[in-house]
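have a look; sequence and predicted model below, questions after that.
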Amino acid sequence: MGRYLLRRLVNYLVLVVVAASLTYFLAGLSLNPRLKFEGRNPPLSQASIARTLDDYNMNPDTPVVVRFGHWADGVVHGDLGRTIEGDDVSADFGRRVGVSARLLLLATLVGSVLGVAVGAFGAIRQYKLFDRFSTLASFFVLAMPVFVIAVALKITATAINDGSQTLKVLGEYDPQYAGQWGFDALVNRAQHMLLPALTLIILQVALYSRYQRSTMLDVLGSDFLRTARAKGLRRRKALVKHGLRTAILPVVPLLVYNIVLLFTGATFTEKTFGWHGMGELLVDSITKQDVNSVATVGLFTAVLVLIAGLLSDVLYAALDPRVRIR
């Protein structure tokens, strides 16, 4: 088991380096940070623009290989460079990760657990009312873009509020609670989190329930489940202990990768509800021609893939004893 995980870790580390490097080269070759400074009033001199871009390690006139070398050396020493506005990338990046984590952690966990439960129960109750309703609702949700669901929730919340502020539809918190974490501030943050979290939960329940229903149906007619029942095991215990444990195996990689990679930011959800997280950072960085910030998001995503891969391997080994023998 230890050797198996070690081999996987080495493979993932190589992929992280390759993915982060390719992201930087793609950003460095396709983005033009000079556009951020040109066309200002009063205009800046070309020499001034060049000095600023050199300071930020974003001058397109410098070979991209040289710029990549400076960036990679900084990453090794914990320095992610500076944004196109001259701010520290690490500071802005850390704040954005915290924002996305607060929004996504609870939503992804609740959504994945409910999705697995709905899919498994739908398979057990195949073609009954619950199964038909959950199937119809899931396809209806999956057929809609995420921003449509988000906007629909905003409109519904506004109608329910009817002039009050019970359901918050924009932002992470009210301005008077900035930097506060007391009881009132936590309640206010929870009010702001409700709608974007509900958007993500709805999507994930719809997605995971379809996969889990399919795999559970394959297991229900299996010989080992009939054998467990023949030995006197109660139906509910046999379904949970043997059926669901086996049926969830093919879904584990999907669950883990989707949960972890959501931390790169739910772009449309964050934009719709005014959450300044990782999804907004990526969009804004590309718009501003900010090479260092785009490269940092790429590096972060690659690291998340590494973490998701290891978690998937560990969970798979915990659920399937055959993997531990390798």
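Sure, I can see it.

wasn't residue 26 part of a helix?
Yes - the assignment for residue 26, made by DSSP: H, G, I helix; E, B strand; the rest coil, places it in a helix.

what about it, neighbour count?
Burial of residue 26 is recorded as 15 neighbouring residues (other C-beta atoms under 10 Å). For every residue, glycine as well, the C-beta is placed using N, CA and C.

any figure for the gap between it and residue 268?
Shown here: residue 26 relative to residue 268, a distance of 22 Å by C-beta to C-beta, to the nearest Å.

ok, residue 88 next?
28 Å.

so which of these two has more stuff around it?
Neighbour count, other C-beta under 10 Å: between residue 88 and residue 268, residue 268 has more, with 18 against 13.

residues contacting that one?
145, 146, 147, 150, 279 (C-beta atoms under 8 Å, 6 or more residues apart in numbering).

out of those residues, who's nearest residue 30?
residue 279 (19.8 Å; C-beta to C-beta).

which helix or strand contains that closest one?
Assigned by DSSP states H and E, residue 279 belongs to helix 278-287.

now for that helix, which elements pack on it?
The contact analysis (3 or more C-beta pairs under 8 Å, 6 or more residues apart in numbering; DSSP states H and E) places helix 278-287 against helix 89-124, helix 267-273, helix 291-319.

make it 10 Å
Packing partners of helix 278-287 (3 or more C-beta pairs under 10 Å, 6 or more residues apart in numbering; DSSP states H and E): helix 2-30, helix 89-124, helix 267-273, helix 291-319.

where does the stretch 151-300 of the chain dip in pLDDT?
261-265 (pLDDT under 70).

going along the chain, name the helices of it.
183-220, 223-230, 235-238, 245-247, 252-261, 267-273, 278-287, 291-319 (DSSP state H, counting those that start in this stretch).

wait, what's in contact with the nearest residue to residue 137 once chain neighbours are set aside?
Distances taken as C-beta to C-beta, 6 or more residues apart in numbering place residue 206 nearest to residue 137, at 7.1 Å, with adjacent residues excluded. Residues near residue 206 by C-beta atoms under 10 Å, 6 or more residues apart in numbering: 111, 115, 118-119, 134-135, 137-144, 149.

do the same with residue 46
34, 37, 38.

ok so, going back, now do the helix holding residue 279 against helix 291-319, angle only.
Between helix 278-287 and helix 291-319, the angle comes out at 150 degrees (axes from the mean of the first three to the mean of the last three C-alpha atoms, to 10 degrees).
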